[in-house]
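Participant: Using only what follows, build the 3D model:
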Amino acid sequence: MTNDFVFKDGHQIPSWLSGVLSDVAGLFALPVVLISIAELSMRRLLGWRFAAIVALGVGVVFAAAKLSDSVADVLTTLWTWTLTPISLLVHGRLPRPVGLVHDPTDLVALVAAAVVPAFVAGSSTRAAAAAAAGESKMLVDE
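Facilitator: The predicted structure is shown next:
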């Protein structure tokens, strides 16, 4: 969010770097958020296998958006709808137009999604230890 609302709007960093930061952050954060929502709704930890499936799905959509105009158009519309209320609240104005740059070299950022299962596995291990110590009521599924 800082990248979208501060760096891009204020031009403090080069646009190519801002784009890379957006891609890497999104490819890591979106799967983690989706996994967290699923785990909270199911009241149990879903483990690294589930994380791998979610990260793979996010990565496939990202790659499709970078390689297909029609997928990029749909995602641009969805992202604009998401950013509009946030921009109105933070800046008191509509956000800058959102656009996806079609650059196959951006696919390098997919490495960020590949890290998600390891991150979730580490978090699940710590949560399982906490549950064993009586500190958590969530069930662990590994």
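Participant: Every contact and neighbour count from this point should use C-alpha atoms.
Facilitator: Fine.
Participant: If we ignore the residues flanking it in sequence, what's nearest the residue nearest the centre of the chain?
Facilitator: By C-alpha atoms, centre = their mean, the chain has its centre lying nearest to residue 30, at 2.0 Å. Excluding its sequence neighbours, the residue lying closest to residue 30 (C-alpha to C-alpha, 6 or more residues apart in numbering) is residue 58, at 7.5 Å.
Participant: My guess is residue 71 contacts residue 62. True?
Facilitator: No - assessed by C-alpha atoms under 8 Å, residue 71 is found out of contact with residue 62, at 9.1 Å.
Participant: the more surrounded of these two?
Facilitator: Applying other C-alpha atoms under 10 Å to residue 71 and residue 62 shows that residue 62 carries more neighbours, namely 22 against 15.
Participant: For the more buried one, what is the enclosing helix or strand?
Facilitator: helix 47-67 (DSSP states H and E).
Participant: Name the residues that touch that helix?
Facilitator: Residues from elsewhere that reach helix 47-67, judged by C-alpha atoms under 8 Å, 6 or more residues apart in numbering: 27-28, 30-32, 34-35, 71-72, 75, 100-104, 106-107, 110, 113-114, 116-118, 120-121, 124, 140-142.
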